[in-house]
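Trainee: sequence and predicted structure below; questions after.
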Amino acid sequence: MSEKPLSIAGKILVAASKLGGGEFALDALIVAAWRAYPETFGLGTKNLYPCSNKVIAAISGDKGLVRQGYLQKTAP
């Protein structure tokens with residue numbers, strides 16, 4: 001049986017877990033997600049730089065990771 005690939009949200013949670021159990025900045029999460037999954041969170045076709053839009057979209061809004069309780073926003 002083959003494993004189901006991780007969703008974008010799942011990849012972000014993996015990246016967040018690598019930052020430790022405490023607080024971290026959004027920028028740190030964006031870079032951690034890009035380093036772990038450059039093909040998903042890279043900008044353009046060469047993935048040389050992180051694209052913040054995918055991370056922000058996945059953690060924000062009504063269906064985001066913050067609203068679902070997986071991540072907690074601690075600062076404005």
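Mentor: Perfect, thanks for sending it. Numbers count the residues shown, from 1 in each chain.

Trainee: what residue lies at the spatial centre of the protein?
Mentor: The centroid of the chain falls nearest to Ile12 when counting by C-alpha atoms, centre = their mean (2.8 Å).

Trainee: mean confidence (pLDDT) on the helix or strand in which that one is found, please.
Mentor: Here Ile12 is covered by helix 8-18, with elements defined by DSSP states H and E. Averaged over helix 8-18, pLDDT sits at 96.

Trainee: return it as PDB; C-alpha atoms alone will do.
Mentor: Coordinates of each C-alpha in helix 8-18 appear next as PDB, following Å, rounded to 0.1, in the frame of the first residue of the first chain:
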ATOM      1  CA  ILE A   8       0.100  21.700   2.000                       C
ATOM      2  CA  ALA A   9      -1.200  22.000   5.500                       C
ATOM      3  CA  GLY A  10       0.500  18.800   6.500                       C
ATOM      4  CA  LYS A  11       3.800  20.000   5.100                       C
ATOM      5  CA  ILE A  12       3.400  23.200   7.100                       C
ATOM      6  CA  LEU A  13       2.800  21.300  10.300                       C
ATOM      7  CA  VAL A  14       5.900  19.200   9.700                       C
ATOM      8  CA  ALA A  15       7.900  22.400   9.200                       C
ATOM      9  CA  ALA A  16       6.400  23.900  12.300                       C
ATOM     10  CA  SER A  17       7.400  20.900  14.300                       C
ATOM     11  CA  LYS A  18      11.000  21.300  13.300                       C
END
